[in-house]
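In: Need a 3D model of the sequence below.
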Amino acid sequence: MENNQLNRMEEMLGALVKMVGENNSRLKTLEEDMQEVKGSVKELMQGQERQDRILEMLSVKSIETDSYIRDFKRKM
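Out: Down below sits the predicted model:
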């Protein structure tokens, strides 16, 4: 191999190593971001479950109140 070709290959290899390093850095950032997103989604799901339980309790209370009002009107 000519010295020129060898130098070019070394330059290309250096560029590839640099690109791999940059990609690894980006991947680490993406992994950290993903963990943050997973935490946020978990919090949102817990909040949604809580809201669902509250809505269920309110529905039951509404039905009980309607029943109470009907009974009260019948007795009048």
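In: Tell me which helix or strand residue 69 sits in.
Out: Following DSSP states H and E, one finds residue 69 within helix 3-75.
In: just checking, what packs against that helix?
Out: Applying 3 or more C-beta pairs under 8 Å, 6 or more residues apart in numbering; DSSP states H and E, we find helix 3-75 packed against no helix or strand. No exception for glycine: its C-beta is placed from N, CA and C like everyone else's.
In: and it, how far from the chain's centre?
Out: Helix 3-75 sits 1 Å away from the centroid of its parent chain (C-alpha atoms, centre = their mean, to the nearest Å).
In: pLDDT score for residue 1?
Out: pLDDT, residue 1: 66.
In: Check the one 3 residues further on too.
Out: Taken from the predicted model, the pLDDT recorded for residue 4 is 92.
In: Against residue 72, how distant is it?
Out: 100 Å (C-beta to C-beta, to the nearest Å).
In: Contact partners for residue 9?
Out: For residue 9, the contact set (C-beta atoms under 8 Å, 6 or more residues apart in numbering) is empty.
In: Then residue 15?
Out: With C-beta under 8 Å, 6+ apart, residue 15 has no contacts at all.
In: Next, work out how far apart the residue sitting furthest away from the middle of the chain and residue 69 are.
Out: For the chain, the residue at maximal distance from the C-alpha centroid (C-alpha atoms, centre = their mean) is residue 76, at 55.4 Å. Here the criterion is C-beta to C-beta. By it, residue 76 lies 11 Å from residue 69.
In: now residue 59
Out: In terms of C-beta to C-beta, residue 59 sits 16 Å off from residue 69.
In: Look at residue 32 and say how many residues are nearby.
Out: For residue 32, the count of nearby residues is 10 (other C-beta atoms under 10 Å).
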